[in-house]
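Trainee: pasting the sequence and the predicted model now:
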Amino acid sequence: MNEWNRTWDRKAGEGDMLSRAGRSRSGTAGLKASIDWVLASLDVSADDEVLDIGSGPGLISNELASYSKSVVALDRSHAMVKAGRIFHGKGAEFCWVVGDAHQLPFADRQFSRVLGYGVHQFMPSLRAFSESVSEIRRVLRPGGIAVLGANPDLELQENLIAKLQEENSSTDEMLRSLSDTLWMSRNTFVEICSENGLVAETFDIDRPAWYASYMFDAILRG
């Protein structure tokens, strides 16, 4: 088990859902803005079958279930999936799966929409990211949409670290987590998606989110 797995297993036991999802710093207003952006970007309808990769306790999955035909919430943390099942329950339209983004346990072309919000920054390498994009392409139906939100921009990394140090707001733990994060330029992101058969558009984050100054969003199409 790597350090990020331990982190999310620990967060699964924290008291409130925002903390479990790692979104306490954004608060409810930031979470609502992110959910609204996801719904608009995925263009979800009542006929869509949605996969949420790295769902955590299902804060976004739960909202997607209200607008789509079905949602599968997938996370590699057993503890996080357990927490989500307890909080949200399960039914024919909303189910929980423990699984890995690099080897999705689903059939080809099973989903019309795929979400990965703040997930790929925790991957160990660009190769791992490419493997995940390849899997997204495999399970996504022709004409489907995938949204990958909150991706750390390599070209902004040094500025962020310098700003944190200047403000004396950085800690050894924070700097260590930033060094363990997968950073990539937008060009690299787009190229990797293209190599795996998906056309990616990247966007600045203009909603209220503490990470907006150093991350970007992306919408992928086959």
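Mentor: Perfect, I can see it now.
Trainee: how far does the longest helix seen in the chain sit from its chain's centre?
Mentor: Ordering each helix of the chain by length in residues (DSSP state H) puts helix 27-42 first. Here helix 27-42 is found 12 Å from its chain centre; the criterion is C-alpha atoms, centre = their mean, to the nearest Å.
Trainee: and that helix, what does it pack onto?
Mentor: Applying 3 or more C-beta pairs under 8 Å, 6 or more residues apart in numbering; DSSP states H and E, we find helix 27-42 packed against helix 17-20, helix 59-65, strand 111-117, strand 140-152, strand 215-221. No exception for glycine: its C-beta is placed from N, CA and C like everyone else's.
Trainee: what residues does that helix touch?
Mentor: If you take C-beta atoms under 8 Å, 6 or more residues apart in numbering as the criterion, helix 27-42 is touched by 18, 21, 23, 26, 48, 50, 59-60, 63-64, 67, 113, 115, 117, 145, 147, 149, 207-210, 217, 219.
Trainee: buried deepest among the helices and strands packed on helix 27-42, which one?
Mentor: Counting by mean count of other C-beta atoms under 10 Å, strand 111-117 has the highest mean neighbour count of those, with a mean of 25.
Trainee: if you rank every helix and strand of the chain by mean pLDDT, what lands last?
Mentor: In the chain, the helix or strand scored least confidently by mean pLDDT, DSSP states H and E is helix 17-20, which has a mean of 46.
Trainee: residue ranges with poor pLDDT in this structure?
Mentor: The model of the chain has pLDDT under 70 over residues 1-27, 89-92, 168-175.
Trainee: one step back: out of the helices and strands packed on helix 27-42, nearest to P124?
Mentor: Among the helices and strands packed on helix 27-42, strand 140-152 comes nearest to P124, with 13.9 Å by C-beta to C-beta.
Trainee: coming back round to it: any chance of the helices and strands packed on helix 27-42 in CSV, with distance to V44 too?
Mentor: Output for the helices and strands packed on helix 27-42, formatted as CSV (distance: least, C-beta to C-beta, whole Å):
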stretch, distance to V44
helix 17-20, 21
helix 59-65, 6
strand 111-117, 6
strand 140-152, 9
strand 215-221, 13
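Trainee: closest one to A79 among those?
Mentor: Counting by C-beta to C-beta, A79 lies closest to helix 17-20 out of the helices and strands packed on helix 27-42; the figure is 9.5 Å.
Trainee: one step back: list the buried residues in the longest helix of the chain.
Mentor: Across helix 27-42, burial judged by 16 or more other C-beta atoms under 10 Å covers 30-31, 33-35, 37-39, 41-42.
Trainee: distance to W183 for those residues - can I get that in a markdown table?
Mentor: What follows is the buried residues of helix 27-42, written out as a markdown table (distance: C-beta to C-beta, whole Å):
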| residue | distance to W183 |
| --- | --- |
| G30 | 22 |
| L31 | 24 |
| A33 | 24 |
| S34 | 20 |
| I35 | 25 |
| W37 | 22 |
| V38 | 22 |
| L39 | 27 |
| S41 | 22 |
| L42 | 25 |
